[in-house]
Structures are given as C-alpha cells and as structure tokens.
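Asker: coordinates for the following, if possible.
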Amino acid sequence: MVYKVYVDGQEGTTGLEINERLQGRSDIELLKISAEKRKDINERKKFINEADIVFLCLPDDAARESVSLVENENTRIIDASTAHRTNDAWAYGFPELSSQHRARIAASKRVAVPGCYATGFTALMYPLVSTGIVPSDYPVTCHAVSGYSGGGKKRIAEYAEADPSDEALKSSRFYALTLKHKHLPEMKKITGLSQPPLFTPIIGYNYRGMTVAIPLYSRLLPGKDSAKSVCDFFCSYYKNQHFIKVYPYGSEGGVVNGFLSATGCNGTNMLEIYIAGNEEHILLTARLDNLGKGASGAAVQCMNIMMGIDERTGLE
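Answerer: Sure, this is the predicted structure:
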C-alpha cells in the first residue's frame, strides 16, 4: 500500500526535515501544497482530508486548528507541536518507553511527538520513576544544552546573521530564566513525577545536537542505588531498542578526551544514554539530535509504527 502523506507546516525546520526523510520512499506519496496557498485554510483542509497521515509542524494554535479541519475517520495525525502532548486522548509518541506506549502508537489516529528536551528527560526519568528506583516526589533538577536550531526559524536567523566577533552570542546562554519552560507539563506528566523538575535549558553555538543531564543523590533513593547499578538497570531496560544506546558503566562511550559533546548523535535518530558518578552521586545524561530523535526522526518513526512496517525505515 502507498500512503498519502501531507506535512502541514512544510516550510518550518521540522517540516523540512520530515520531507527530506521521506524523499524517495516508494511506500509514500507526498502531497505538496503550493507555497502561496500553504496558509489558505480551505486548501489546507483539502490536503488534510485527502491524506492518510498528516504531520503537523506548526505553532500550537495552528496545530489545534488543523485537527479541527479533519472531517473523516481515516486521516491519522502526528503532531510535532506542544498542543497535545499532555492530552490523554492522544498517544505519546515515544515507543521505547514501554510496550504499552508502542502498542498505543500503532493503534492510534492521534499521536503527539515529544518535545526535544522532554525526549531526553523522559528517556531517563520514566524508567526510574515507573519502577520505583526514583520516588515520584524526588526533587529533580535537569540541565540541558541544545543547538540553536531548536529555537526555530527566528533563532536560526539570529545566529546566521550574527557578527562572527560577537562573543556573547558564541557563548552558551541560559534562557527560560523564570523556570517555566513550555516542556515542563509534559516532563512532569509523562514521567509520573508529582512536581515538575527544576529545569534550566541552555542554548549553544552549535546548530543542532543536545544533551540532557539529571543529577541524583544515592542517599535519597529508596534502594540507595549507585551509578553502576543504575547504569546496569538502563542497559537491561533498553536492551532491545534499536534507537536507544546505553553505554556500559565505566566505558568511554561517547566521551572524547574527558568531554561529552552535544553533537555526537547529529544526523541520526539515535538517543544515547551515558551514566557517570560513584557510590554517592549519579549523573544521568541523554544525548540526541534535537532535530532527529527530538523532532522529525521521532515523527517518522511513529509513522512507520502506525503503518505497521519496520520502524527503522528511512531512518538509518
């Protein structure tokens, strides 16, 4: 079967990446709206209802509008915006979290793709909270560094047009200083935490790539787990997942000369987990491409699962 696929928001960063990943696939017929009509609601409605699968790469309100335009029982929606990630009526598009997550994606007509930061955070915290290794009321702190492409076209333009001598722009910069980042509701709900984490995002000078880091105190964990025992747990939890790699405890892994770069997974749909520390302190780190497993790659992976084909199709 050839599936008709429409990307609503094809000119945005995620939309462009999804289109690129789908190019040349014989099982996909890409429906392309003309540039001058991409904001015409009636034209969008026509394409949305003609498609078997629609990707929404839009601001939240526009994504909700697109969903309201569906007039049939067949069109399946994969939303890359924040609009539906905490909506219980939508499947959460992170199949590696559990067999239940994967099964719901496969059966659903409405799938919400996780946020980029939330992908790294959830990959680390969901297994620990759901199994009781970390209590749900643990005071979680999360620091994350992302390439500037995560800020969309406006932020990309800011960096592209910047004076190369601007040292302030080339430095890593904290933002969302009110500690109210838009991914927090998702991070709290999906992991089962009783309160949102203290989350401090940082924008880097690199175009793409991110690391998400969470420190833990062993003494505050019910089992007083060490860094090694937590790493062994993750190796077992994700052992059969193609797109998640957990480095064995004590290995160099993705570390080069003592540094863990945010760019090691760029251009892939991989998420790598690296756990360091000792008997008292544990540092959990997830590394991914914010435009790959953090956006377009995850969306295409969900589409493959919904189509009932190998989830790696077009993502290797």
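Asker: please count neighbours and contacts with C-alpha atoms only from this point.
Answerer: Fine.
Asker: quick one: residues contacting Val2.
Answerer: Residues counted as contacts of Val2 (C-alpha atoms under 8 Å, 6 or more residues apart in numbering) are 26-29.
Asker: all helices of the chain, in order?
Answerer: Assigned by DSSP state H, the chain shows helices spanning 13-22, 41-50, 60-68, 99-107, 116-130, 152-160, 167-170, 184-191, 227-237, 297-307.
Asker: quick one, the longest one and helix 227-237 angle?
Answerer: Read that as helix 116-130. Taking axes from the mean of the first three to the mean of the last three C-alpha atoms, to 10 degrees, one finds helix 116-130 and helix 227-237 inclined to each other by 100 degrees.
Asker: swap in the third one?
Answerer: Our comparison of helix 60-68 with helix 227-237, counting by the same axes, to 10 degrees, yields an angle of 20 degrees.
Asker: what about the nearest residue in space to Phe47 that is not next to it in sequence, how many neighbours?
Answerer: Of all residues not flanking Phe47 in the chain, Tyr6 sits nearest, at 6.7 Å (C-alpha to C-alpha, 6 or more residues apart in numbering). Using other C-alpha atoms under 10 Å, Tyr6 has 27 other residues around it.
Asker: just Asp166 next, same as before
Answerer: 9.
Asker: check what pLDDT it gets.
Answerer: With respect to pLDDT, Asp166 has a value of 80.
Asker: if we can go back for a sec, for the helices of the chain, give me a markdown table that also has distance to Tyr138 and mean neighbour count.
Answerer: A markdown table is the format used below for the helices of the chain (distance: least, C-alpha to C-alpha, whole Å; neighbours: other C-alpha atoms under 10 Å):
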| stretch | distance to Tyr138 | mean neighbour count |
| --- | --- | --- |
| helix 13-22 | 34 | 19 |
| helix 41-50 | 43 | 18 |
| helix 60-68 | 30 | 16 |
| helix 99-107 | 24 | 16 |
| helix 116-130 | 9 | 22 |
| helix 152-160 | 33 | 13 |
| helix 167-170 | 35 | 12 |
| helix 184-191 | 12 | 20 |
| helix 227-237 | 16 | 18 |
| helix 297-307 | 28 | 23 |
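Asker: let me have these in TSV, extended by distance to His84.
Answerer: Converted to TSV, the helices of the chain look like this (distance: least, C-alpha to C-alpha, whole Å):
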stretch	distance to His84
helix 13-22	17
helix 41-50	18
helix 60-68	8
helix 99-107	14
helix 116-130	14
helix 152-160	19
helix 167-170	33
helix 184-191	10
helix 227-237	27
helix 297-307	14
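Asker: compare these and say which comes out lowest on pLDDT.
Answerer: helix 167-170 (a mean of 80).
Asker: so what touches it?
Answerer: Residues outside helix 167-170 that contact it (C-alpha under 8 Å, 6+ apart) are 159, 162, 204-205.
Asker: follow-up on the earlier one: nearest to Phe243, of the helices of the chain?
Answerer: Of all the helices of the chain, helix 297-307 sits nearest to Phe243, with 9.7 Å by C-alpha to C-alpha.
Asker: who are the packing partners of that closest one?
Answerer: helix 13-22, strand 76-79, helix 99-107 (3 or more C-alpha pairs under 8 Å, 6 or more residues apart in numbering; DSSP states H and E).
Asker: out of those, which is closest to Gly314?
Answerer: Among the helices and strands packed on helix 297-307, helix 13-22 sits nearest to Gly314 (C-alpha to C-alpha), with 6.2 Å.
Asker: tell me which residues touch Gly267, please.
Answerer: Gly267 sits next to 289, 292 when contact means C-alpha under 8 Å, 6+ apart.
Asker: and Lys46, what does it touch?
Answerer: Contacts for Lys46 (C-alpha under 8 Å, 6+ apart) come out as none.
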